[in-house]
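J.: with the sequence up front, the predicted model follows.
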Amino acid sequence: MEDFTSEAGKIQKEIDKISSIAPLDQLQIKYLGRNGIINNLLKDIKNVPAEEKKDYGQKLNELKSSIGRLIETKKQELLEKSGTEQTVDITLPGKPYLHGTLHPITYAIEEISRIFEKIGFVRMSYPEVEWEYYSFEALNMPKGHPARDDFETFYIDVPEHAKLAKMVLTPHTSSGQVREMERVRKTLPAGRQAPIRMINIAKCYRRNWDATHAPMFYQFEGMVVDRGINITHLKGTIDYFAKNFFGPDREIRLRPHHFQFTEPSFETDISCNVCGGTGTVNGKKCRVCKSGWLELGGSGMIHPNVLRAGGIDPDVYTGWAFGFGPERCLMMKLGLSEIRDLYSGDIRFLKQF
Ligand code: PHE
């Protein structure tokens, strides 16, 4: 019986000599394992005289738990020393996890979609890899027409299609105009060719690379076709967009311009928020706009030839379209001057949004 008391002292000495986890684990198995010393002593209880059995059992159990405590204390001590402390200090500050966000252009596109969907526009995305036909011919720009030079196009090296001609990377979302006319017409009862309310947002490609032009960029193209559609509807819609995207104080104006696929055509401007559309700040020319206005993009009444290409009778229906850039809108909203920042993938820039 007194063996048990001295036993604890011996084990303590054994533990003191240990300086790493592995031998400590071995020691634990030696004493406390299923075939360990303690369990074997417990099995011996049958040989103990009946009047001593109770005392024997109790002492042995005390020994068992004190060995357990000694080993556990030592284990903590070793872990603390090696720096892999297992206890949790709940007073430490939490570890922040890095988390991703959507790209600012994605946010802008989502916002633009929502603004137009609210007034009944259907969001479409027409192909980035497109035929010359939908990019040009169907838009009243026959082969060899100088206006095609404005859309410096990437051509794809594949055999030409008999009717749709060469394959290109679409240089503008206007290529979706005739595609949408064809699509909607198929969904309508015979004899009806409209209404259409489309917002086509897609990637476009042109051979350009400077502070305000990237070879790949987005456009969002609005198009409405119905009976009795006129310029006031175009102006009202752009005004609604400008006020919702940029703010209620912004004004828009249409300036005469030329596009082959619209007649009349316009450049669409929005009043500058720096000078409030006056063109001057403290008696000096506004640095941002110089004139009080900033350009949003092109627009106009759809040319009869384009309606015809889409199988729509221009004597019955009229329509308008505009094509703006989400990147440009975003840059104007945030006051950015370099489109290339948006495509740099530089996390320090992107993290700001
Ligand atoms: N597609 C023209 C461009 O990319 C913009 C535009 C769209 C003009 C619709 C008129 C109507 O420059």
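T.: Noted; the coordinates are in hand.
J.: going forward, measure contacts and count neighbours with C-alpha atoms only.
T.: OK.
J.: now find how far off-centre the longest helix seen in the chain is within its chain.
T.: Assignment by DSSP state H gives helix 53-81 as the longest helix of the chain. From the chain centre to the centre of helix 53-81 is a distance of 57 Å (Cα atoms, centre = their mean, to the nearest Å).
J.: swap in stretch 213-223?
T.: With Cα atoms, centre = their mean, you get 17 Å for stretch 213-223.
J.: now it: buried residues?
T.: Under the neighbour-count criterion of 16 or more other Cα atoms under 10 Å, stretch 213-223 has 213-214, 217-223 buried.
J.: extract the CA atoms of the helix or strand where D269 lies and return them as CSV.
T.: Using DSSP states H and E, D269 falls within strand 262-271. The C-alpha coordinates for strand 262-271 follow below in CSV (Å, rounded to 0.1, in the frame of the first residue of the first chain):
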residue,chain,number,x,y,z
THR,A,262,-29.5,56.2,-86.8
GLU,A,263,-31.1,59.3,-88.4
PRO,A,264,-31.1,61.8,-86.9
SER,A,265,-28.1,61.0,-84.7
PHE,A,266,-26.8,62.6,-81.6
GLU,A,267,-23.9,62.8,-79.2
THR,A,268,-25.4,62.6,-75.7
ASP,A,269,-24.0,64.8,-73.0
ILE,A,270,-24.5,65.1,-69.3
SER,A,271,-24.0,68.2,-67.2
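J.: so where do the helices sit in this protein?
T.: With helices called from DSSP H, the chain shows them at 2-17, 21-32, 37-43, 53-81, 104-117, 132-135, 175-187, 231-245, 304-309, 326-334, 339-342, 347-350.
J.: hey, what's E295 bridged with?
T.: On the basis of DSSP bridges, E295 is bridged to D269.
J.: count the neighbours of it for me.
T.: As a burial measure, E295 scores 20 neighbours (other Cα atoms under 10 Å).
J.: next one: Q76
T.: Counted with other Cα under 10 Å, the neighbours of Q76 add up to 16.
J.: now it: how far from G68?
T.: In this view, Q76 and G68 are 12 Å apart by Cα to Cα, to the nearest Å.
J.: which residues sit against the helix or strand of the chain at the bottom of the mean pLDDT ranking?
T.: Using mean pLDDT, DSSP states H and E, the weakest-scoring helix or strand in the chain turns out to be helix 2-17, at a mean of 80. Contacts to helix 2-17, defined as Cα atoms under 8 Å, 6 or more residues apart in numbering, come from residues 24, 59-60, 63, 66-67, 70-71, 74.
J.: OK, contacts around N273?
T.: Remark: with contacts taken as Cα under 8 Å, 6+ apart, N273 is in contact with R250.
J.: per-residue pLDDT, it?
T.: pLDDT for N273: 84.
J.: return the distance of it relative to I339.
T.: Taken as Cα to Cα, the span from N273 to I339 is 19 Å.
J.: let's have the contacts of helix 2-17 in CSV, adding neighbour count.
T.: Below are these laid out as CSV (neighbours: other Cα atoms under 10 Å):
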residue, neighbour count
L24, 20
K59, 14
L60, 20
L63, 17
S66, 14
I67, 23
L70, 15
I71, 20
K74, 18
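J.: ok, and which of those reach the ligand?
T.: With Cα under 6 Å from any ligand atom as the criterion, the contacts of helix 2-17 include none near the ligand.
J.: how many residues are close by P264?
T.: When neighbours are counted by other Cα under 10 Å, P264 registers 17.
J.: make that T280, sorry
T.: Applying other Cα under 10 Å, we find 18 residues neighbouring T280.
J.: who's it bridged to?
T.: With DSSP bridges as the criterion, the beta-bridge partners of T280 are K285.
J.: pLDDT value on the most centrally placed residue in the chain, please?
T.: Centroid-nearest residue in the chain: L102, 2.8 Å away (criterion: Cα atoms, centre = their mean). We have a pLDDT of 90 for L102.
J.: how close does it get to L350?
T.: L102 is 9 Å from L350, where distance means Cα to Cα.
J.: now swap in V122 and tell me
T.: 30 Å.
J.: what sits against G310?
T.: Counted by Cα under 8 Å, 6+ apart, G310 has contacts 138, 178-179, 181-182.
J.: H161 too?
T.: Neighbours of H161 in contact, by Cα under 8 Å, 6+ apart: M167.
J.: how about stretch 286-305 as CSV, C-alpha atoms only?
T.: Only the C-alpha atoms of stretch 286-305 are listed here, as CSV (Å, rounded to 0.1, in the frame of the first residue of the first chain):
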residue,chain,number,x,y,z
CYS,A,286,-13.7,74.1,-65.4
ARG,A,287,-10.8,71.7,-65.4
VAL,A,288,-12.9,68.6,-65.8
CYS,A,289,-15.3,69.5,-68.7
LYS,A,290,-14.1,72.9,-70.0
SER,A,291,-17.7,73.5,-71.4
GLY,A,292,-20.1,72.4,-68.7
TRP,A,293,-20.9,69.1,-70.4
LEU,A,294,-19.4,65.6,-70.5
GLU,A,295,-20.0,63.1,-73.3
LEU,A,296,-21.9,60.0,-72.5
GLY,A,297,-22.0,58.4,-76.0
GLY,A,298,-24.0,58.1,-79.2
SER,A,299,-27.7,57.9,-79.8
GLY,A,300,-30.4,58.4,-82.4
MET,A,301,-33.6,57.4,-84.1
ILE,A,302,-33.1,53.9,-85.7
HIS,A,303,-32.5,54.2,-89.5
PRO,A,304,-35.3,52.8,-91.6
ASN,A,305,-32.8,50.4,-93.3
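J.: what's the end-to-end length of stretch 247-256?
T.: End residues of stretch 247-256 are separated by 25 Å (Cα to Cα).
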